[in-house]
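[1] Pasting a predicted model and its sequence here:
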Amino acid sequence: MALLVDITSLLVGALCVGGATLLILYFTLSRWWTRLWVRSRLASALPNETVQAQHAPGSVADLLDAIAREVHSGYSLTLAFVNTAERFPNLAWWTEPIVLHCIRGHSLANAIADTTPNGWTSDVALATRTLSVASNGGYGIANTLEKSASILRDREHIAHERQVQTAQIQLSTSVLSWIPLVIFGSVTTRQSHTRAFLFHSPLGLLCVIVGLLLNVMGRTWITRIARSNT
């Protein structure tokens, strides 16, 4: 009976070590798979509005650039906004109320002031303030819109880089936290005296429990830090 238990433990340990080794090599050496994993983690971690914005045909920055081109062509800012908004149906939830006020004869500044900011994101709020200030007239309206579009793109790039780094940290933590468990399984299955100490003595059981708790606490801690940075 004892021999059967030892053989079974040896087989289970060998399978665990082999499977863990393959997984670690697959995680660390397959760069393309890692990129796909990071993208999938980002897609699941980002808010719904951000994910929809990535798949949308145009962003807020693109809208501001398009309005700036219309202004360069000689259109007024109000008319440029109305003409451009039609080409961005994904932003109609924001632009349509403003466009309706403009069609009724209101200026762009008054239309923005009469619009209730329902569910506006930080990018939409910045673009709205830029359009409101630019509608007061003056020199360099198109340049102001282009600079705001550039700021929005920089903010999006920084946020994306932070999310990628967070996902990579989570990947590294996941791999590193499994290594002690693999070593633990390998040692306990191959060395009978170590197995007897860990499972049949109070000090050994204390070591096993403390090790598992530290492993779980480390994973939980890193997960909370990653969530707070997204």
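    All right, it came through fine.
[2] For stretch 178-195, buried residues please.
    Neighbour-count burial for stretch 178-195, counted by 16 or more other C-beta atoms under 10 Å, picks out Trp178, Val182, Phe184, Gly185, Thr188, Thr189, Arg195. (Each C-beta comes from the backbone N, C-alpha and C, glycine too.)
[3] Rounded mean pLDDT for the helix of greatest length in the chain, please.
    The helix of greatest length in the chain, counted in residues with DSSP state H as the criterion, is given as helix 141-190. The predicted model assigns helix 141-190 a mean pLDDT of 84.
[4] closest to Gln163 among the buried residues of stretch 178-195?
    Closest approach between those and Gln163, by C-beta to C-beta: Trp178, at 23.4 Å.
[5] Tell me where the model's unsure across the chain.
    Across the chain, the stretches falling below the confidence threshold (pLDDT under 70) are 1-57, 138, 228-230.
[6] from what I can see Trp94 touches Leu131, true?
    No - under the criterion of C-beta atoms under 8 Å, Trp94 lies out of contact with Leu131, with a separation of 10.9 Å.
[7] what about Ile225, helix or strand, and which?
    If you go by DSSP states H and E, Ile225 is part of helix 202-229.
[8] residues of that helix that come out buried?
    Quick answer for helix 202-229 (16+ other C-beta under 10 Å): Asn215, Arg219, Ile222, Ala226.
[9] measure the residue nearest to the second one when sequence neighbours are not counted to Leu212 for me?
    The shortest distance from Arg219 to any residue that is not its chain neighbour, by C-beta to C-beta, 6 or more residues apart in numbering, is 5.3 Å, and that residue is Ser177. Note on Ser177: its distance to Leu212, by C-beta to C-beta, to the nearest Å, is 11 Å.
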